[in-house]
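Participant: sequence unavailable; structure follows:
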């Protein structure tokens with residue numbers, strides 16, 4: 001049973017921190033970098049800061065719950081004008097030489113880049129970003145939507161199709 005003040009880790013990402021609040025099946029966790037992020041209870045495991053006390057069965061059950069088909073959160077359709085956007089092109093050829101990478105490695109590089117640029121923007125109070133991900137099969141876009149949905153201070157929607165086509169997501173960061 002996870003409670004406020006527990007140290008938890010996210011199952012499929014290198015994110016850990018202390019539980020600040022629990023509402024419905026959502027955990028609000030403050031990361032070691034001071035960011036408050038929201039996760040579903042099934043996405044985290046309680047750990048002891050001195051030693052890990054997680055049973056293999058707990059991990060399997062949490063992963064099983066995580067992959068139960070859920071209703072997608074959806075993309076918010078809010079438009080704000082007048083703020084210049086920083087564009088981040090996540091096409092793999094813009095980030096690295098892809099000749100020796102498989103799809104998993106390419107996606108990890110793209111997601112790491114997106115996460116680092118997003119956290120940099122939050123830390124430096126940058127309000128507007130455009131992530132150019134392309135159309136493709138939609139895997140990167142879905143992963144980005146999952147990432148953006150974990151931050152309470154972020155609103156995101158499809159970027160202007162006249163300017164970017166249908167392969168970009170615009171992100172607004174609410175400064176608190």
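Facilitator: That came through fine. Model, not experiment: these values are computed from the prediction. Residues are numbered from 1 along each chain as shown.
Participant: and the top strand by length along the chain, which strands flank it?
Facilitator: What stands out as the longest strand in the chain, according to DSSP state E, is strand 16-23. Here strand 16-23 has these sheet partners by DSSP bridges: strand 7-10 (antiparallel), strand 26-31 (antiparallel).
Participant: between these, which one is closest to residue 172.
Facilitator: strand 26-31 (20.2 Å; Cβ to Cβ). No exception for glycine: its C-beta is placed from N, CA and C like everyone else's.
Participant: what's downstream of the closest one, the next helix or strand?
Facilitator: strand 36-40 (DSSP states H and E).
Participant: and stretch 22-35, how far out from the chain middle?
Facilitator: With Cα atoms, centre = their mean, to the nearest Å as the basis, stretch 22-35 stands 13 Å off its chain's centre.
Participant: and what of stretch 150-163?
Facilitator: Its chain's average C-alpha position is 13 Å from that of stretch 150-163, according to Cα atoms, centre = their mean.
Participant: also stretch 158-174?
Facilitator: Here the centre of stretch 158-174 is set off from its chain's centre by 17 Å, with Cα atoms, centre = their mean.
Participant: ends of that stretch, what's the gap?
Facilitator: Stretch 158-174 has an end-to-end distance of 17 Å (Cα to Cα, to the nearest Å).
Participant: what ranges do the strands span in this protein?
Facilitator: Per DSSP E, the chain carries strands over the ranges 7-10, 16-23, 26-31, 36-40, 44-47, 86-89, 128-132, 154-158, 168-173.
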